[in-house]
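> Predicted model, plus sequence, below.
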Amino acid sequence: MDHSGEPSEEHIWYHEGSGHWHVGHSFIVELDLGGGIYIDYEVPEGYESDLASVPRIFWSIIAPFELGIKECIVHDKLYRENFRDRKWCDDFWLTTMRRKKVKKWKREWAYRLVRSFGWNSWRKHAKRNSQSVSSDG
């Protein structure tokens with residue numbers, strides 16, 4: 001997922017108090033934009049994520065950390081930034097879960113859920129992003 005080998009998941013930990021996962025060391029992933037275009041995408045030290053927004057009651061069936069910790073963090077950051085478009089972000093996440101060898105039924109289930117319900121999060125971040133751009137200008 002990155003140029004120097006997989007960033008170690010030991011540098012990402014769960015903070016019980018906040019309910020978020022904390023990135024202890026920044027890492028870079030390569031994004032395939034299509035047409036032979038690739039970019040380096042950084043997840044910075046200190047970034048926090050809820051991974052996949054799976055309600056805790058369902059964790060016995062599918063816990064967010066079973067979907068790939070780094071994969072979920074990157075997807076979360078792409079959503080927060082409204083990177084490209086929502087389908088691209090979701091398809092990227094599905095591809096990374098496949099590479100991580102997440103069980104097929106879990107990744108497909110997660111993908112269907114994010115395609116069905118992720119619009120709300122995408123819109124929330126789009127609204128917040130447009131407000132911050134307006135206040136900066």
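Sure, I can see it.

> So which residue is dead centre in this structure?
Central residue of the chain (CA atoms, centre = their mean): His75, 2.0 Å from the mean position.

> Can I take it that it is in a helix?
Yes - assessed with DSSP: H, G, I helix; E, B strand; the rest coil, His75 lies in a helix.

> wait, it sits on Asp91?
No - with contact defined as CB atoms under 8 Å, His75 does not reach Asp91; the gap is 10.4 Å. Placement of C-beta: from N, CA and C, glycine included.

> quick one on the thing from earlier: which residues touch the residue nearest to the centre of the chain?
By CB atoms under 8 Å, 6 or more residues apart in numbering, His75 lies in contact with 52, 89-90, 92-93, 96, 114.

> how about a cut-off of 10 Å?
Contact analysis of His75 by CB atoms under 10 Å, 6 or more residues apart in numbering lists 49, 51-52, 67-68, 83, 89-90, 92-94, 96-97, 110, 114, 118.

> In strands only, show me those residues.
By the criterion of DSSP state E, membership of the contacts of His75 in strands covers Ser49.

> picking up where we left off before, any figure for the gap between the residue nearest to the centre of the chain and Gly17?
23 Å (CB to CB, to the nearest Å).

> Over the longest helix along the chain, what's the mean pLDDT, rounded is fine.
Counting residues, the longest helix found in the chain (DSSP state H) is helix 104-136. Helix 104-136 shows a mean pLDDT of 87.

> I appreciate the help and will end here.
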